[in-house]
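Participant: Model the following, please.
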Amino acid sequence: MPEDRKNEEIRVGVYICYCGGNISDVVDCEQVREAVAVLPDVVVSRTNMSMCSDAGQAQIEEDIQKVGVNRVVIGACAPSLHELTFRSAVTRAGLNPYLYCHVNLREQDSWVHHNNPQAATVKAVVLMKAGIAKARHLQPLEPFRMSAEKHTLVIGGGVAGLRAAWDIARQGIHVSLIEKTPFLGGRMARLGTTFPDGSLAQNDLHALIENVSRHPHISIYTHAELKDLSGYVGDFQATISVCSRGVREGLVDFEAAANACPVEVPDEFNEGLTTRKAIYRLYPGCFPALPAIDWENCTQCGACKVANGHIDLEKKTETITLHAGAIVVATGFKPYEPRRGEYGYGEIPEVLTLPQMIRLLEINKNAQDLVFNGRRINSIGLIHCVGSRHIPGINKPLEDGKINDYCSRVCCTATLHIANEIKQKYPQTHIFDLYEDIRTYGRGHEDYYQEASKNKVRFLCFKPEELPEVVASESAEHPLSIRAKDVLTQGLEIDVPVDLIVLAVGIMPNPIEEITRLLKINAGADRFLAEVHPKLRPVETAVPGIVLAGTAQGPMNIQESCAAASAAASKVAMLLGKGSVELEPFIAVVDEHLCDGSGKCVEVCAYEDAISLVSIQQNGREIKRAVVTPANCAGCGSCVSACPNKAIDLQGWTLAQYEAVLDAIAEGWPEMEVVS
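Facilitator: I've put the predicted structure just below:
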């Protein structure tokens, strides 16, 4: 008899969910209910079309309060979806939330045995029987509570990082914002106007930067990178390396210093369309306004020191250690870089990417005509889905061997947006839009397509297996020609002469392998950082206390990035607002009376500092015993299997509970025969 039976009568409530037909279309839920109702200790056995509904939860709460149910077993969908839902219902009824056992009847039964309903029903009974067996051995547990630093580290100074920092600081939590480049703003600073409201990107960005830079709870570190990280949620220790700008406050004549510099490199702000010097400001009005030295390209010749000696060409770094309770990862994105020769890119000067076209319009914004390479641009071809929606066998893999098979989401609307801007500024320009599909998914985004149609943008549709071809034109009037089979005209082969081609390149995550290694977080198959659950935990990573914001997580427009950043800030505020954090109790525990300090548990543990050997005094002699650090323990159970003395157990999944489950499964259900 389990120890807990000595103190109270076990009264199990069993609930089987139809899951809106996901389970009940295969499993005979009523037969399962009847079968488990006669098991020892079961006092309630019910079914419901949707146990996670308010009505379903209310039934569970009522049975706990009025029938005296003190162990709850629920057969439903995956626990990752509704375990927290049911745990909350149990708590509201006054029962310890960990006296509840979840049985997955959907993914582990109905979905994999849909061709054999009778066998699926038998399996459901056995699974529920195993859950009930485990429930008899459940003990009340309490989450671990630890003090937490009311301080957050935000990695990335683009719009998502800025928004997250501002929202967190407004909750009274200090923020340290680090940005690896010398200037804030990320890629939003390079835009002209934004959709769907047409506002000036830099105006909106500067307003946000001003709020962040003036907030008393925010410290900003530019030219800064994360170099090391240890600790856990509530108390991360981060080592930050801050590189000197090379320019001190008081520089009198930046223009003179820049003109004296002999180094010219492609200007990344203008996407390589112009050049800049090795001493530079990103753009007029950037933050910080103080110029910086490009250490990668500076020759340290000293020519720039004409400006009153406020330039120090010795590259210096400062190391800062921060204690943070949580970390926000807002590392942003990079545009897809077409391979050389892809649609003529890199070989034909008149083939640009969409980010380059955006900068070209800004560079020419005061000009009467749109000019590129000394030629007036009268016709433009836009090609969608460059670097997105790749198909194996058609699109070549990238350097890492992968293809971008995802949709970058923002490119279609951005392309239509730029087409309308061109028609507005240069109405005589002919624009040809070649697309595979047009996905203007956001509110008001379809208006851009309607406006482009009214502006007489000519749309041509191609099949993904028959990509357009860019060739040098034989006509002296236009340097380029696009050849494509147009789906809209039943596959008619069309030759479109143009002066300029713009490739609507997709979005890729920034290369942050070192950061993901330090944070111990994972990326998905698309290389973007992965959340725990897209609906229930959309900004959380698998590491407690580390959350995601913006395009580090996937393609987003500015509005979505800000919304995601605010969601991350809300999660941080909930986590740190009370000055303490709660952790799940599903961790290893050591019986020091059985532990002999062999260290086998430490050898197999895959988590840094989760379990260690410490020296203690016992009967006048020093001995070693295993000690678990709750915040670092993932509850994987490796140490349990390695311990030769069975001195370690896992709360919530003890050896006794495992044995009860296995015994229940091994017994089977002889009264029911499986018919294949």
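
Participant: Low-confidence stretches in this structure?
Facilitator: Counting by pLDDT under 70, the chain contains low-confidence ranges at 1-7, 307-308, 668-676.

Participant: what's near enough to touch the most centrally placed residue in the chain?
Facilitator: By Cα atoms, centre = their mean, the chain has its centre lying nearest to Q553, at 2.9 Å. Going by Cβ atoms under 8 Å, 6 or more residues apart in numbering, Q553 touches 528-529, 531, 539, 564. All C-beta atoms are positioned from the backbone trio N, CA, C, and that covers glycine.

Participant: Buried among those residues? Need that as a selection in ChimeraX.
Facilitator: To isolate the buried subset of the contacts of Q553 in ChimeraX, counting by 16 or more other Cβ atoms under 10 Å, use the following:
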select :528,529,531,539,564
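
Participant: will you turn the contacts of Q553 into TSV that also has distance to E466 and secondary structure?
Facilitator: TSV is the format used below for the contacts of Q553 (distance: Cβ to Cβ, whole Å; DSSP: H, G, I helix; E, B strand; the rest coil):
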residue	distance to E466	secondary structure
F528	29	coil
L529	35	strand
E531	36	coil
V539	40	coil
A564	36	helix
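
Participant: Pull the most distant pair out of the contacts of Q553.
Facilitator: The span of the contacts of Q553, defined through Cβ to Cβ, is set by F528 and V539 at 12.8 Å.

Participant: If we ignore the residues flanking it in sequence, what's nearest I587?
Facilitator: C633 (4.0 Å; Cβ to Cβ, 6 or more residues apart in numbering).

Participant: Tell me who's in contact with that neighbour.
Facilitator: Counting by Cβ under 8 Å, 6+ apart, C633 touches 587-588, 607, 610-611.

Participant: One more pass at 10 Å, please.
Facilitator: Residues in contact with C633 (Cβ atoms under 10 Å, 6 or more residues apart in numbering) are 144, 232, 583-584, 586-589, 605, 607, 609-611, 639, 650-651.

Participant: Can you tell me how far it is from V470?
Facilitator: Applying Cβ to Cβ, to the nearest Å, the value for C633 to V470 is 57 Å.

Participant: residue ranges for the helices of the stretch 51-200 of the chain, please.
Facilitator: 54-62, 79-92, 117-135, 159-169 (DSSP state H, counting those that start in this stretch).

Participant: pull the CA atoms of the longest one into CSV?
Facilitator: The C-alpha coordinates for helix 117-135 follow below in CSV (Å, rounded to 0.1, in the frame of the first residue of the first chain):
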residue,chain,number,x,y,z
PRO,A,117,-11.2,2.0,-33.7
GLN,A,118,-11.7,-1.1,-31.6
ALA,A,119,-8.0,-1.5,-30.9
ALA,A,120,-7.8,2.3,-30.2
THR,A,121,-10.5,1.9,-27.7
VAL,A,122,-8.7,-0.9,-25.9
LYS,A,123,-5.5,1.1,-25.9
ALA,A,124,-7.4,4.1,-24.5
VAL,A,125,-8.6,2.0,-21.6
VAL,A,126,-5.1,0.7,-20.9
LEU,A,127,-3.7,4.2,-21.0
MET,A,128,-6.3,5.5,-18.7
LYS,A,129,-5.8,2.6,-16.3
ALA,A,130,-2.0,3.5,-16.3
GLY,A,131,-2.9,7.1,-15.5
ILE,A,132,-5.1,6.1,-12.6
ALA,A,133,-2.3,3.8,-11.3
LYS,A,134,0.1,6.8,-11.3
ALA,A,135,-2.5,9.1,-9.7
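
Participant: that older thread, of the helices of the stretch 51-200 of the chain, which approaches G325 most closely?
Facilitator: helix 159-169 (10.6 Å).

Participant: How far off centre is the closest one?
Facilitator: Mean C-alpha position of helix 159-169 versus that of the full chain (Cα atoms, centre = their mean, to the nearest Å) differs by 16 Å.
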